[in-house]
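A.B. asks: what's the 3D shape of this:
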Amino acid sequence: MVHTVDRTMAIAPTVQRYLDEKGVVYQIRRHHHTGSAMESAYSAHVAPDSIAKGVLLRDGGDFLLAVLPADHTVDVDVLRYLADRPGLTLATEQETGEVFTDCALGAVPAIGPAYGLETWVDEAVRDCPVLYFEAGDHEELIYVEEPDFERLMEGARFGSFARPGY
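C.D. replies: Down below sits the predicted model:
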């Protein structure tokens, strides 16, 4: 599958529609092109624990999005247990591109419900009064306040499955 991103749009169309549908107030924070959530934090001068990153996992043909602070990693064993999905593993880059077709490869927005994904949010994300997440490219972050982020996570499950470190 060829990945194309409209460079005139700062936000992936699916993300834009979802933000509009939920009536969320947000701002865009531009930064230099980066390859990871931690690099985005440094480039945008944002605390890493205030960036919610999305990590795609799969269980057979089903996908799940884990949402956690940029300076954390997913403890897949814990998430397998919490989600009751023993076959859960990290998705490949190709699979990520197939799920997030309107995003730049690797720029995963941390709002799984917008893409119809089962979503698990680590409890550490709830500790931030303001949050940033990928807009769908490697040069913009979306800023929302925590109550609006909770609204974006409608239907998501919450648990403690992330560990400090990246």
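A.B. asks: where along this protein do the strands fall?
C.D. replies: Assigned by DSSP state E, the chain shows strands spanning 27-30, 52-59, 62-69, 72-74, 89-90, 118-122, 130-134, 140-145, 157-159, 162-164.
A.B. asks: Pick the most deeply packed of those strands.
C.D. replies: Greatest average neighbour count among these goes to strand 130-134 (a mean of 25), per mean count of other CB atoms under 10 Å. Placement of C-beta: from N, CA and C, glycine included.
A.B. asks: And the contacts of that one?
C.D. replies: The contact list for strand 130-134, computed with CB atoms under 8 Å, 6 or more residues apart in numbering, reads 29, 37, 40, 44, 46, 50-54, 103, 107-111, 125, 140-146, 149.
A.B. asks: do that again at 6 Å, thanks
C.D. replies: Residues from elsewhere that reach strand 130-134 (CB atoms under 6 Å, 6 or more residues apart in numbering): 46, 50-52, 107-110, 141-145, 149.
A.B. asks: Could the C-alpha coordinates of that strand be exported in PDB?
C.D. replies: Taking C-alpha atoms only, strand 130-134 is exported to PDB below (Å, rounded to 0.1, in the frame of the first residue of the first chain):
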ATOM      1  CA  VAL A 130      -3.100  19.100  29.300                       C
ATOM      2  CA  LEU A 131      -2.200  16.600  26.600                       C
ATOM      3  CA  TYR A 132      -0.600  16.500  23.200                       C
ATOM      4  CA  PHE A 133      -0.900  13.800  20.600                       C
ATOM      5  CA  GLU A 134       0.200  13.200  17.000                       C
END
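A.B. asks: Just the mean pLDDT for that strand, thanks.
C.D. replies: Mean per-residue pLDDT for strand 130-134: 91.
A.B. asks: Reformat the contacts of strand 130-134 as CSV; add pLDDT and distance to Ala135.
C.D. replies: Putting those into CSV (pLDDT from 0 to 100; distance: CB to CB, whole Å) gives the following:
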residue, pLDDT, distance to Ala135
Val46, 87, 13
Ser50, 90, 15
Ile51, 90, 12
Ala52, 93, 12
Ala107, 91, 8
Val108, 94, 11
Pro109, 96, 7
Ala110, 96, 10
Leu141, 91, 6
Ile142, 95, 5
Tyr143, 94, 10
Val144, 94, 11
Glu145, 92, 17
Phe149, 93, 14
